[in-house]
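Undergrad: need a 3D model of the following:
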Amino acid sequence: MVSNWLLGRAASSGKTITTQRKRIEQLEREQAKLTQAYLADALFLDALKAQQARVQRELGQAKTLIGQYQQDYQALEAALDHALLLCRSGALWVSPPSVERSS
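TA: Predicted coordinates:
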């Protein structure tokens, strides 16, 4: 039961990280296209700056999400390692490490 939850949580984290990495690649391509449009005189400087600011903001959000999900995965892995260690040692009860949940 717990292992299914952990596997589901890890799979969810992995999907989110993959989605955000694809989003970063798309935003970087968009950033390059914006620059090309500006250099081809197809975009005014003010419009370029506004769009570049939006892209930078979205890149930051995607990178933050990746960091949060990586931390979540590492915390889950540490909790599982701790639980397995307790099982192997035959300990009845030891306080588990603190696991922060990211939403």
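Undergrad: ok, so what distance separates residue 49 from residue 55?
TA: For residue 49, the distance to residue 55 (Cβ to Cβ, to the nearest Å) stands at 11 Å. Glycine gets a C-beta too; all of them are placed from N, C-alpha and C.
Undergrad: check residue 77 too.
TA: Here the criterion is Cβ to Cβ. By it, residue 77 lies 33 Å from residue 55.
Undergrad: and the two? which has more neighbours close in?
TA: residue 55 (16 against 12; other Cβ atoms under 10 Å).
Undergrad: confidence score at the more buried one?
TA: For residue 55, the model assigns a pLDDT of 98.
Undergrad: that one: which element?
TA: Using DSSP states H and E, the element containing residue 55 is helix 45-89.
Undergrad: which helices and strands does that helix pack with?
TA: helix 2-39 (3 or more Cβ pairs under 8 Å, 6 or more residues apart in numbering; DSSP states H and E).
Undergrad: now the angle from the helix it packs on to helix 45-89?
TA: 160 degrees (axes from the mean of the first three to the mean of the last three Cα atoms, to 10 degrees).
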